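J.: The sequence and its predicted three-dimensional model are supplied below.
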Amino acid sequence: MDPTPTGTKQTTAGTRTVEVSGSDRPRLARHVRLGFSRTRQRPVLLHPETVVVLNGSGADILKLCDGRHTVAEIVAELGARYRSVPGDEVRRFLARLVARRWVELADG
């Protein structure tokens, strides 16, 4: 199944706002990859001409963005690892990355 920008809305100013649902299946866009910066000793998101330094929770979310896990499954998996994982924060994080076209969503 090809990923589609589900829940994407175009505003009048041309800015994309994205709604991520629990049934969406996120995956990194083809031109983006998850890596590790030895210099910074931190996980990074590598995009052409851009390096985004991630915190631990951001990297943990993106490691599960393989196109097979739903957003709800990602929240549940992180909830099993950590005490509390606010699902709305995970969805907002993913929505920002979808808006930048660094993550793609497939309907669940």
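T.: Noted; the coordinates are in hand. Residues are numbered from 1 along each chain as shown.
J.: Can you report phi and psi for Asp60?
T.: phi -60, psi -40 (degrees, to the nearest 10).
J.: ok, now which ones touch it?
T.: Asp60 makes contact with Leu78, Arg81 under the criterion CB atoms under 8 Å, 6 or more residues apart in numbering. For glycine as for every other residue, the C-beta is placed from the backbone atoms N, C-alpha and C.
J.: which non-adjacent residue is nearest the spatially most central residue of the chain?
T.: Centroid-nearest residue in the chain: Leu94, 3.7 Å away (criterion: CA atoms, centre = their mean). Closest residue to Leu94 in three dimensions, ignoring its sequence neighbours and counting by CB to CB, 6 or more residues apart in numbering: Val20, at 4.8 Å.
J.: For that neighbour, which three-state class applies?
T.: Classification of Val20 using DSSP: H, G, I helix; E, B strand; the rest coil returns coil.
J.: Now for it, how many residues are close by?
T.: 24 (other CB atoms under 10 Å).
J.: quick one: the residue nearest to the centre of the chain from Glu19, how far?
T.: Distance from Leu94 to Glu19, counting by CB to CB, to the nearest Å: 10 Å.
J.: again with His47
T.: 23 Å.
J.: residues making contact with stretch 64-83?
T.: 3, 20-28, 57, 60-61, 85, 87, 90-91, 94, 103, 106, 108.
J.: For it, which residues meet the burial criterion?
T.: Of all the residues in stretch 64-83, those buried under the rule 16 or more other CB atoms under 10 Å are Leu64, Cys65, His69, Thr70, Val71, Ala72, Ile74, Val75, Glu77, Leu78.
J.: Now tabulate those residues in TSV and tack on pLDDT.
T.: Shown next, in TSV, are the buried residues of stretch 64-83 (pLDDT from 0 to 100):
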residue	pLDDT
Leu64	96
Cys65	96
His69	96
Thr70	96
Val71	96
Ala72	95
Ile74	96
Val75	95
Glu77	93
Leu78	93
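J.: more neighbours, His47 and Glu19?
T.: Set His47 next to Glu19 and count neighbours by other CB under 10 Å: His47 wins out with 16 against 13.
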